[in-house]
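Novice: sequence and predicted model, in that order:
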2 protein chains.
Amino acid sequence: MRERRGAVTIADVAARAGVSQASVSRVLNGKRSVDPVIVRSVQSAIAALGYAPSVAARSLVHGRNHTVAMVVPDLENPLFQGILKGLSRAAAGDGYRVLVADTAERIEEEEATAIEARHRCDALVLCAPRMPEAQLRRLVARVAPVVVVNRQLPGAEVPIVGVDYGRGIRDLVEHLTKLGHRRLAYVSGPEASASNAERRRGVEEAAAADPDVHIEVLPGGSRLDDGYDAARSVLDARERGATAVIAFNDLVALGLMTRLRELGVDVPAELAVAGFDDVPMARFATPRLTSMSVPRDELGAQVWGRLRTLIAGGPVEHTVLYRPRLEVRESTAAVVAKGGDA
Amino acid sequence: MRERRGAVTIADVAARAGVSQASVSRVLNGKRSVDPVIVRSVQSAIAALGYAPSVAARSLVHGRNHTVAMVVPDLENPLFQGILKGLSRAAAGDGYRVLVADTAERIEEEEATAIEARHRCDALVLCAPRMPEAQLRRLVARVAPVVVVNRQLPGAEVPIVGVDYGRGIRDLVEHLTKLGHRRLAYVSGPEASASNAERRRGVEEAAAADPDVHIEVLPGGSRLDDGYDAARSVLDARERGATAVIAFNDLVALGLMTRLRELGVDVPAELAVAGFDDVPMARFATPRLTSMSVPRDELGAQVWGRLRTLIAGGPVEHTVLYRPRLEVRESTAAVVAKGGDA
DNA sequence: TCGTCGTGAGAAAGCGGTTTCTCATGGAGG
DNA sequence: CCTCCATGAGAAACCGCTTTCTCACGACGA
């Protein structure tokens, strides 16, 4: 430890420029009080030596290292990938980098991971945290500055960025009822998912708003396989009168459509199918999938905007919920009267 | 700066435990020379105060902060996402976190981004760097310890982890020739992509190995849209005798198949289609897509293994190239003789 | 008893940069 | 000429932790 580690330090620059370290520091940090001759001499020495200040030393003095930690339940999830992309690009514009911590859906590790990651960084992003609400409230108080994604925390002094899934579902139901559908099915997402709970609330609200509309909730999941496997119970619901299906997300919808096709069910002629999230493949499925579009990258950029404000000592900015946009495609069409009903 | 910043420091722990800071440090770092009474007293103080050592201070002393930077051309790419997932999970097992830098395909910024990111971290991962080879050689010498993904650097003292795309293509061609296909088309990837260059080399080698096999190269890209748009030139190639198509990757193949279906071309009866990467959707397409499977998460874990060795002062480990595994599905079948040729 | 060796623990220096305080110089005004 | 004020720059302390060096004490052997 007592040996110099080969890197160029501020002492080397000061020696080469013939000034004190304090002067080098002042030049580095743009202080106005430095004689221009010294400024040029220091800059010349910096360039000649290829000097870059130690992040650790600066961090020790400033108490900040210009990193932000992002904790996610699973990096496989397209939403989190999009948020990471948007966040990392936006933060880079302010000299920040994103440090990633993936909890692999181990809920019991989520809190410790968040605390550890935050300890390394200036701020934290919690993506769709799975832990119980009381625990989450205590955590956000502890790890500020923090932004939470896709998890409501009424009354908590923390910015929330998310998608208004309830609203999206209601809009989707409206699209389908305008096409004449009155009996629908909703293929549910994972039980532990807060965004699925919101979708289900949207389902309930849509059904409550129109006494003619009935929406049956079916078990499902979040992946292609889950949708594929849900086809059986979807067809049962169809026997009970359902003419349209809303899937938790596009992957579920795409898997479902594959199985329906294998089973000889014509989409949308015999059964309409709609998804959520509008993944790129939705536009290339057969039939093209009607879906609610969510701006993933932009979510990440919004997260950064709020974090930046918090880091700078600003106020807790408003919760922002993106309203999903309806992308009507081929998989939904007007209900066709079943034989004898015409 | 002269005010204490509220965090618990080693001085607080020392005061509470009634020992020196050196003793607290010794306990923290597991030194054997400490009296067990002092160990317990220190541990009790740490727990009571909720103390966690400053990452910056430790980093300053040790010259390491247990982070590794990963530079990618675009976080949208499923391969990089998978590598990030595998790397971040593997590194976490050793107390490391991954810091992400996305260059947004701005090749001119790649080098500076890599240097800056490395400066913040203990090591670097360069994913499919786009810069010219000479520049890349100079860079890897400068930023060691570094692992490069999907980019060959013969003779360079740097571990390479990647996919043997040439071998994958040759295996795919073999699969198709065994089905009786003799005239093939390859829908090319992005011009600047090193992995596309490898695939094209594989195409040339496969054609050179069998004088009966002819492979025509067509322009394409890397996304669903690119595949969709390539259908026209694919059909032209079919007029010239091609009975099977290999696409740069699965997204291109899926987009292509959508357009072929719209144009009334039966896959694989009239034209066989194969992809690369085996994304989840390949198993749910209609027809199910034949593809070369690549273990994305495992690539990330391999990257970590090599980085860890380098960080520990170990040798440059061997380049590892994963051989893609052929996943035969419905989109490829035996060539059907065209009318009149039977 | 005295001297030597080994072990445990505190003091102080150091990691690399920043900031505060102090000093020196020059200019202006009385 | 002398004093005061403003400005520029270096010295030293500090950020929080680690490590080295030194001291003290105890035990053992001569």
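Specialist: Structure's in. What do you need?

Novice: what's the offset of stretch A:99-109 from the middle of its chain?
Specialist: Taking Cα atoms, centre = their mean, to the nearest Å, one finds stretch A:99-109 lying 15 Å from the centre of the chain it belongs to.

Novice: elements contacting the helix or strand containing A:Ile246?
Specialist: Secondary-structure assignment from DSSP states H and E places A:Ile246 in strand A:244-247. Counting contacts by 3 or more Cβ pairs under 8 Å, 6 or more residues apart in numbering or on different chains; DSSP states H and E, the secondary-structure elements packed against strand A:244-247 are helix A:165-178, strand A:183-187, helix A:250-262, strand A:272-277. Every C-beta, even on glycine, is put in place using the N, C-alpha and C of the backbone.

Novice: most tightly surrounded among those?
Specialist: Across those, the average number of neighbours (mean count of other Cβ atoms under 10 Å in any protein chain shown) peaks for strand A:272-277, which reaches a mean of 28.

Novice: which other helices and strands contact that strand?
Specialist: Secondary elements touching strand A:272-277 (3+ Cβ pairs under 8 Å, 6+ apart): helix A:165-178, strand A:244-247, helix A:250-262, strand A:290-293.

Novice: okay, domains of chain A per the record?
Specialist: The record's domain parsing of chain A by automatic domain parsing lists A:10-53, A:67-163+A:296-323, A:165-294.

Novice: Serialize these to JSON lines and add fields for distance to B:Ala117 and mean pLDDT.
Specialist: Formatted as JSON lines, the entries for the domains of chain A read as follows, by distance: least, Cβ to Cβ, whole Å; pLDDT from 0 to 100:
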{"stretch": "domain A:10-53", "distance to B:Ala117": "12", "mean pLDDT": "91"}
{"stretch": "domain A:67-163+A:296-323", "distance to B:Ala117": "7", "mean pLDDT": "94"}
{"stretch": "domain A:165-294", "distance to B:Ala117": "28", "mean pLDDT": "95"}
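
Novice: redo those domains as CSV? Include distance to B:Ile246.
Specialist: Formatted as CSV, the entries for those read as follows, by distance: least, Cβ to Cβ, whole Å:
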stretch, distance to B:Ile246
domain A:10-53, 46
domain A:67-163+A:296-323, 26
domain A:165-294, 19
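
Novice: how about those domains, which one is nearest B:Leu136?
Specialist: Between B:Leu136 and those, the shortest separation by Cβ to Cβ is 18.9 Å, and it involves domain A:10-53.

Novice: could you tell me the end-to-end distance of that closest one?
Specialist: The stretch domain A:10-53 measures 7 Å between its terminal residues, going by Cα to Cα, to the nearest Å.

Novice: same question for stretch A:269-289.
Specialist: As for stretch A:269-289, its first-to-last residue distance stands at 14 Å under the measure Cα to Cα.

Novice: what about the strands in chain A?
Specialist: Taking DSSP state E as the criterion, chain A contains strands spanning A:67-72, A:97-102, A:123-127, A:146-149, A:160-163, A:183-187, A:214-218, A:244-247, A:272-277, A:290-293, A:320-322, A:325-327.

Novice: let me see the confidence value for A:Ala342.
Specialist: At A:Ala342, the pLDDT value in this model is 37.

Novice: and the nearest residue in space to A:Thr319 that is not next to it in sequence, what does it touch?
Specialist: Taking Cβ to Cβ, 6 or more residues apart in numbering or on different chains, and ignoring the residues beside it in sequence, A:Thr319 has A:Ile160 as its nearest neighbour in space, at 4.0 Å. Contacts of A:Ile160 were listed using Cβ atoms under 8 Å, 6 or more residues apart in numbering or on different chains, and they are A:147-149, A:151-153, A:319-321.

Novice: of the residues you listed, which is the most crowded?
Specialist: With neighbours set by other Cβ atoms under 10 Å in any protein chain shown, the maximum within the contacts of A:Ile160 is found at A:Val147, which has 28 neighbours.

Novice: if I look at that one, how far off is A:Ile83?
Specialist: In this structure, A:Val147 and A:Ile83 are 10 Å apart, going by Cβ to Cβ, to the nearest Å.

Novice: what do you get for A:Gly221?
Specialist: 21 Å.

Novice: same thing with A:Ala207?
Specialist: With distances taken as Cβ to Cβ, A:Ala207 is found 31 Å from A:Ile83.

Novice: pick out whichever of those two has more residues nearby.
Specialist: The neighbour count for A:Ala207 versus A:Ile83, taken as other Cβ under 10 Å, is higher for A:Ile83 (29 against 19).

Novice: touching, that one and A:Ala301? I think so.
Specialist: No: using Cβ atoms under 8 Å, A:Ile83 makes no contact with A:Ala301, being 9.2 Å away.

Novice: hmm, stretch A:321-339 touching chain B?
Specialist: No: counting by Cβ under 8 Å from any Cβ of the partner chain, chain B is not contacted by stretch A:321-339; separation bottoms out at 11.0 Å.

Novice: buried sites along that stretch?
Specialist: Within stretch A:321-339, the residues scored as buried using 16 or more other Cβ atoms under 10 Å in any protein chain shown are A:321-322, A:324, A:326-327, A:329, A:331-333, A:335-336.

Novice: any chance of the strands of chain A in CSV, plus distance to B:Pro268?
Specialist: Supplementary listing: the strands of chain A in CSV, determined by distance: least, Cβ to Cβ, whole Å:
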stretch, distance to B:Pro268
strand A:67-72, 39
strand A:97-102, 38
strand A:123-127, 41
strand A:146-149, 43
strand A:160-163, 39
strand A:183-187, 31
strand A:214-218, 34
strand A:244-247, 29
strand A:272-277, 26
strand A:290-293, 29
strand A:320-322, 41
strand A:325-327, 31
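
Novice: right, and these - which one's nearest DNA strand C?
Specialist: Evaluated over the strands of chain A, closeness to DNA strand C peaks at strand A:67-72, with 16.5 Å, by Cβ to the nearest atom of the strand.
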